Structures are given as C-alpha cells and as structure tokens.
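Chemist: Please find the sequence and the predicted model below.
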Amino acid sequence: MNQRRSLFVITCIVFGYAFLYIPIFSMVVFSFNASKLVTVWDSANSPTLKWYHALLHNNEILDAAWISVKVALINACGAVILGTLAGFALARFARFRGRFVLSAMTTAPLVMPEVITGLSLLLLFVALEQAVGWPAGRGITTMTIAHMTFSMAYVTVVVQSRLATFDMSLEEAAMDLGARPLKVFFVITLPIVFPAVLSGWLLAFTLSWDDLVISSFTSGPGSSTLPMVVFSKVRLGVSPEINVLATITISVVTIIIVGVSLWMARSKRIATSPA
Amino acid sequence: MRAVLGRFKFGGRGLVVVLPYVWLMLFFVVPFLIVLKISFSDIDLAIPPYKPLWIWDGEHAPAITLNFNNYTFLFTDKLYVKALLNSLKVAFVSSMLCLLIGYPMAYGIARSRPAVRSVLLMLIVLPFWTSLLLRVYAWIGLLKANGVINNVLLHLGLIHEPLTMLYTPFAMYVGIVYSYLPFMILPLYANLEKMDWQLIEAAEDLGCRPWRAFLSITLPLSRNGVLAGSMLVFIPAVGEFVIPALLGGPNALMIGRILWDEFFSNRDWPVASAVAILMLLLLVPFMMWYQSIQAREAAASE
C-alpha cells in the first residue's frame, strides 16, 4: 500500500495544526502570567497562580458556571433520550409517515444559524406564555428546552450513523430465540449503540455548556450562563481570568475526550475480536 | 420472523417516532411560523413589543392587518441588503479558505498509518470540544496591537511598529476559518477515508503525474465531501454573530449581528423577525442541498 505523502501535504498538516493549536497554547501560557496586560510576559513574577486564585473567588463567574452546569446536565440527558429515539427511528424504520420531515427536522438544526434558532424559540416562549401562561418568564427551563432542541439533532446523527453500520441479524437472532422487543433493545441494541449514546451525551453537554447566542435569547434575568458572563467580560477587553478559565476548560476536555476514546478503542477491540 | 418484527414495529414504533417528532414540531417548526407572523406585525411600546395581527371584537369579522412595512424597510434601507451581501461574501470566502487549508490536511490524515491517523483525527476534534467563545477570545490576545503576533514580529525586527489586525476584516476571516476548519476537515476525511487508493496507483503506474492523478481522480471522487464540508461552513457562517462581534470591530456588517442588534438594542422584534425570515429564505436552498448530499453519501456507503 502506498503510504507516501508529499512534502506539500506534510507542510500543510504542520501549518494546519499549528494554526489550530497556537491560540490554545497561548491562552494556557498566559494564564500563568503575572502581568495584568495579559499578552506582555512579566518574567520577574511569572509563572504565578494568582489568576487561578482570583477566578476561584470570582462569584459572578462561579454562579454562572453553576447555572451552566445545571442546564447542560438536564439538557444532555433529555437530548440523549430524544436523539436516540430519533436516530433509532431513522436508522431502523425504512419508511414511515413523516420520515422525510423527521430527517429534515434533525438535519436543519445542525446548520441553522444560531441567531435564527434563538430568536424563534424566544418568540415561541413569549407566545406560549401569553396563550397558556407557561412558561412563566424565562430562565433555566426555557434555556434547557432550547438547548435540547438543537443538541438532540447532533445526538441523532451520532446514533443513526452507529446503527447504520451495525449488523441487524443480531437483533433478529435474539427475536427468533424468543426475546421480547423491549428485551432485545436493552440487551442487544443498547449495548451496541452505547458508545454512540455516550458520545452523544458528551456532545450535548458541551454544546449546551458552550452556547452563547441561543442562551442569550432564551434566558431571563438572573440566569446568566458562563458564556454570557465571559462574553460581556471579553467585550470589554482581555482579562487574565478568562485565560485561566480557558486553561481549565481545555484540561478537563482533553482528559475526558482522550479517556473516553481510549476506553472505546479498547472495548471495540474486545467486541470485534472474532468478527 | 417477519411477524415478530412486525409486532415490534407496531408496538414500539409509534412511541419511538412520536416523541422526537412532536418535540421538533413544537420547538423547531412552530417557532418559525411565529417568527413569520411577527415579521408582519407592527412594533409596539408594550410587552411583548409588537401589535397583534388580528383584532376581533366578537361581533364583526376579525380584522387582519398584515403589513409588509418591515420587509419594504429592509429593502429601502441600504444597510440590510449590504449586510446580507457582505455576509454571503464573507461566508463564501471563508468556506473556500477552509477548503484550501482543510483539503490537504484531510488528505494527509486519510493517507497516514492507522495509529497516526487516530491521533491526528483526535487533534482535529479536540478544539471542537473546547468552547468556541474562548478560542475566539484567544485570537484577541494574539492579534491586538500589543498582542503576541506583533510582539514576536517586533522582536524579530520584521516590523517597526505594531500592525493593526484586530477589529479588521482580516481578523474576522481568521476567526471564522479557525473556528469552522474542523467542520470542513471531518466530512472530507470521512469521504477520503473510503477512497480506493489503488486507482491512484494504477494511474501513476500508467505514467500519470501525481497532480494530474489528483485532479482527475481524487478530487472528482471526493466531490460529496467537498460539498458537505463547504455547506457545513457556509450556512452557519452567514448568520455568524460571535466572531464578527468580537474580532470584526464596529464596522463588520454581518446580518447575524444586525438581527442581534435589532432585537437586543433596538428592541424591534418585528424587524428582527423579518431579517430572520429573509436569511432563512436565502439559506433553505443550501440546507436542502446539504441534506441531499448527505442522503447520497449514506446511499453510497451502504
């Protein structure tokens, strides 16, 4: 097999990855910088942990982070349920009434500009409140509903593509042996799609945790999420505490993603050993 | 066998489909109808700040007042059309830049050894999992007047005074290309991974030059990957708000920003709705195109 790669391709790869990672590394490095000027390295007093200390005592950021965690957790669980059902329906039921509409409704949120989704959901909540009195005002509930709506689309794609590549005869064999449909789902189907469901959950959590635009439209007074607080701070200029926040985020994400993919690679090796 | 499957479908099927279907109908489709409705109403100094479309006193036929003022306003005030055209331009140029940078990367990843490949892929996916807002913020630190890039260039003696990069169109393009690059690389990689490289070898054995083999075999065969990646960059980039707001400066005319300002600063919900409808009408053909590409890819991989 030809593994030869031209110098051109290798150069592109090196520069491409540098482009993706230099900004990330710069935030990590400057999170240890003593100077308040952020990008001017104060070599006399650096590295320092003083901005880490400041961040951990910044109540505005901590409160917002707590709201973000709550929204992201509920959202991830809800989006996984809805997305798994939709992915299952699209992968398994060859034709049913509304198939086209369902597949369109789960593709569109992936590319829909966030300002449109955010505005439309806000107007729905306002209209609902006028018509039936629910949801009373806006806050964590409305934000969670909004996040579930766009993040379930991502879960659907992940689950659907996993189901599309998996051998249906396993389910058929179990049913031939007399297993009830629900039992087949929990004993055969769910363990096989579990990696996809887990990635879907993590994806839904991250999407919600990171979202600024849709949250800004659907949140209410006193329910600012972390990205909303960060955005208002960043608009006023760079701040060393944001570098710290970025460094913590990057570390946590790297540990989780690397851990999960190693675990998945291992379980995949075990599962596919005879096949 | 068939009977068992049939029972399974009959029992579980309904519920499996109905729940996500109803959810998306209520929270994804109905909201657009409301946006459409409000785009035809008048601004009002009330809560919510728009007038109802129909007034019914209980006796006479309900009076429906559709007004197209919001739309005529969008087309008479040069600002909106200009912003819309500029957004299309920025999104198009950004997707082309992503393609130029992303294609060689996806190609290199697809042709590397499996062990290297999974590491390279992970490194593409990793930034995608870290907050977009924070990664865009990182560019402020790199691009500003006393930022990292200027400091390095000054130190090396390549420039004598700091370059103005932040709050320019250049900064906005950098931010968009940087943020959306993984969305270009991943579908391209998924497509190139399935490529039969023996075709290229055969062509080269027959004396075809590598560039020619690439242009006449690899590129046409990866067409669906190129289109899917470009749509994944282009469509959301048209309505992008965060990147122009943080890097583009006050003059970066993008339609997503206009919508945001109409809503949050001017509190003109009807005009914001009309902007949304206009943007949507423009983007729906691209979304349908994207969906048909996806369907083709799925059919090809079966």
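Modeler: Looks like it arrived, so ask away.
Chemist: Could I get the buried residue list for stretch A:80-96?
Modeler: A:80-92 (16 or more other Cβ atoms under 10 Å in any protein chain shown). Every C-beta, even on glycine, is put in place using the N, C-alpha and C of the backbone.
Chemist: any low-confidence regions in the chain?
Modeler: In the absence of a named chain, chain A is used. Confidence mapping of chain A against pLDDT under 70 gives the ranges A:1-5, A:38-39, A:46, A:270-275.
Chemist: ah, I was thinking of chain B
Modeler: Judged by pLDDT under 70, chain B has its weakly predicted residues at B:1-12, B:45, B:54-64, B:301-302.
Chemist: Just want the most central residue of it.
Modeler: Chain B has B:Pro236 as the residue nearest its centroid, 1.8 Å off, counting by Cα atoms, centre = their mean.
Chemist: got the buried residues for the helix or strand hosting that residue?
Modeler: For B:Pro236, the host element (DSSP states H and E) is helix B:223-238. Residues of helix B:223-238 classed as buried: B:224-238 (neighbour count, 16+ other Cβ under 10 Å).
Chemist: so A:Phe217 touches A:Leu124, yeah?
Modeler: No. Between A:Phe217 and A:Leu124 there is no contact under Cβ atoms under 8 Å: 10.7 Å.
Chemist: what sits against the residue of chain B found nearest chain A?
Modeler: Closest contact between chain B and chain A, by Cβ to the nearest Cβ, is at B:Gly239 (2.3 Å). Residues in contact with B:Gly239, defined by Cβ atoms under 8 Å, 6 or more residues apart in numbering or on different chains, are A:Met112, A:Pro113, A:Glu114, A:Val115, A:Ile116, B:Ser87, B:Ile255, B:Gly256, B:Leu259, B:Met279, B:Leu283.
Chemist: And these, which of them are buried?
Modeler: Neighbour-count burial (16+ other Cβ under 10 Å) applied to the contacts of B:Gly239 gives A:Met112, A:Pro113, A:Glu114, A:Val115, A:Ile116, B:Ser87, B:Ile255, B:Gly256, B:Leu259, B:Met279, B:Leu283.
Chemist: would TSV of those with distance to A:Tyr21 and secondary structure be doable?
Modeler: Output for those, formatted as TSV (distance: Cβ to Cβ, whole Å; DSSP: H, G, I helix; E, B strand; the rest coil):
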residue	distance to A:Tyr21	secondary structure
A:Met112	29	coil
A:Pro113	27	coil
A:Glu114	25	helix
A:Val115	29	helix
A:Ile116	32	helix
B:Ser87	29	helix
B:Ile255	31	helix
B:Gly256	27	helix
B:Leu259	33	helix
B:Met279	33	helix
B:Leu283	31	helix
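Chemist: between those residues, which is closest to B:Ser41?
Modeler: Ranked by distance to B:Ser41 (Cβ to Cβ), those are led by B:Leu259 at 16.8 Å.
Chemist: the helices in chain A, which residues?
Modeler: Per DSSP state H, chain A carries helices over the ranges A:7-30, A:50-56, A:59-92, A:99-111, A:114-132, A:140-164, A:169-176, A:181-184, A:190-210, A:213-218, A:226-235, A:240-271.
Chemist: Leaving aside the residues adjacent along the chain, what's closest to A:Cys77?
Modeler: A:Trp201 (7.5 Å; Cβ to Cβ, 6 or more residues apart in numbering or on different chains).
Chemist: what residues are up against the one you found?
Modeler: Neighbours of A:Trp201 in contact, by Cβ under 8 Å, 6+ apart: A:Ala76, A:Cys77, A:Ala79, A:Val80, A:Val155.
Chemist: Report the separation between A:Phe88 and chain B.
Modeler: 6 Å (Cβ to the nearest Cβ, to the nearest Å).
Chemist: The closest residue to that residue other than its chain neighbours: helix or strand, and which one exactly?
Modeler: In space, and not counting its chain neighbours, A:Phe88 is closest to B:Val16: 5.8 Å by Cβ to Cβ, 6+ apart. Element membership of B:Val16, judged by DSSP H and E, is helix B:2-24.
Chemist: Next secondary structure element downstream of that helix?
Modeler: helix B:30-39.
Chemist: Report all helices and strands that that next one contacts.
Modeler: helix A:114-132, helix B:269-301 (3 or more Cβ pairs under 8 Å, 6 or more residues apart in numbering or on different chains; DSSP states H and E).
Chemist: check whether the first one contacts chain B.
Modeler: It refers to helix A:114-132. Yes. Contact of helix A:114-132 with chain B (Cβ under 8 Å from any Cβ of the partner chain) involves A:Glu114, A:Val115, A:Ile116, A:Leu119, A:Ser120, A:Leu121, A:Leu123, A:Leu124, A:Val126, A:Ala127, A:Gln130.
Chemist: Surely A:Ala204 is in contact with A:Ala76?
Modeler: Yes. Using Cβ under 8 Å, A:Ala204 is in contact with A:Ala76, at 4.3 Å.
Chemist: which residues do the two both contact?
Modeler: Shared contacts of A:Ala204 and A:Ala76 (Cβ under 8 Å, 6+ apart): A:Ser151.
Chemist: Settle it for me: which of these two has more neighbours?
Modeler: A:Ala204 (29 against 23; other Cβ atoms under 10 Å in any protein chain shown).
Chemist: ok, the more buried one to chain B distance?
Modeler: Per Cβ to the nearest Cβ, A:Ala204 is found 12 Å from chain B.
Chemist: I'd assumed B:Pro48 was in a strand, is it?
Modeler: No. When classified by DSSP: H, G, I helix; E, B strand; the rest coil, B:Pro48 is found to be coil rather than part of a strand.
Chemist: Which residue is the nearest non-sequential neighbour of it?
Modeler: A:Val126 (4.9 Å).
Chemist: and A:Phe194, how many neighbours?
Modeler: Neighbours of A:Phe194 using other Cβ under 10 Å come to 13.
Chemist: Against A:Ile257, how distant is it?
Modeler: Note on A:Phe194: its distance to A:Ile257, by Cβ to Cβ, to the nearest Å, is 17 Å.
Chemist: With B:Trp260 instead?
Modeler: From B:Trp260 to A:Ile257 the distance is 31 Å (Cβ to Cβ).
Chemist: tell me the contacts of the residue nearest to the centre of chain B?
Modeler: Counting by Cβ under 8 Å, 6+ apart, B:Pro236 has contacts A:Val111, A:Met112, A:Pro113, A:Glu114, B:Tyr180.
Chemist: For those residues, work out which two are farthest apart.
Modeler: A:Met112 and B:Tyr180 (14.8 Å).
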